[in-house]
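Trainee: Mind folding the following:
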Amino acid sequence: MRAIALLLSCCAVMLAACQHSRAAEPAVLSSVEPGVRQQLNDFIVSIVGGTSVTLADDVLMHSTELFIEQRMPVDSQGRPLDGRHSLPSYRFVLVKVGDSCILQHPGSGKSVRLNGARCQLAPR
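Mentor: Here you go, the predicted model:
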């Protein structure tokens, strides 16, 4: 009898844990505050290198994905070099997990929680 009660208790705990863990769902930002913009910039720069990136005022407000093109290689006189078409873009994805907005870089498996960001599930 005790074994059945223990088994039922374990099942109840496992079910409760499953309900509390939420899957990451595609999201868009509700607004882009300066602090959130800085976090986006810092994370993206950590992946792509360089000192900063140029982000639109409405970055990630209309799309769950962000693509950052690699800088065009130039020669010593600033002229574009051949082969630009072969440079892949960096892809970032915004997801919502519970109340948190998380920016992911699927290529590296890295992600960052955007502190103070407000996001909503992306329209389907």
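
Trainee: contacting residues around the longest strand along the chain?
Mentor: Using DSSP state E to define each element, the chain has its longest strand at strand 90-97. Residues outside strand 90-97 that contact it (C-beta atoms under 8 Å, 6 or more residues apart in numbering) are 22-29, 44, 47-48, 60, 64-70, 101-107, 119-121. For every residue, glycine as well, the C-beta is placed using N, CA and C.

Trainee: which stretches of the protein have low pLDDT?
Mentor: Along the chain, segments meeting pLDDT under 70 span 1-21, 83-86.

Trainee: Which stretches in it count as strands?
Mentor: Assigned by DSSP E, the strands in the chain fall at 25-29, 65-68, 90-97, 100-105, 110-113, 119-121.

Trainee: Tell me which residue is most central in this protein.
Mentor: In the chain, the C-alpha nearest the mean C-alpha coordinate belongs to Leu103, at 1.6 Å (C-alpha atoms, centre = their mean).

Trainee: Contact partners for the closest residue to Val28 other than its chain neighbours?
Mentor: The spatial neighbour of Val28 that comes closest, neighbours along the chain excluded (C-beta to C-beta, 6 or more residues apart in numbering), is Ala122 at 5.2 Å. By C-beta under 8 Å, 6+ apart, the contact list for Ala122 reads 25-28, 64.

Trainee: Make JSON lines out of the strands of the chain and add distance to Ala56.
Mentor: Below are those laid out as JSON lines (distance: least, C-beta to C-beta, whole Å):
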{"stretch": "strand 25-29", "distance to Ala56": "11"}
{"stretch": "strand 65-68", "distance to Ala56": "9"}
{"stretch": "strand 90-97", "distance to Ala56": "13"}
{"stretch": "strand 100-105", "distance to Ala56": "15"}
{"stretch": "strand 110-113", "distance to Ala56": "19"}
{"stretch": "strand 119-121", "distance to Ala56": "16"}
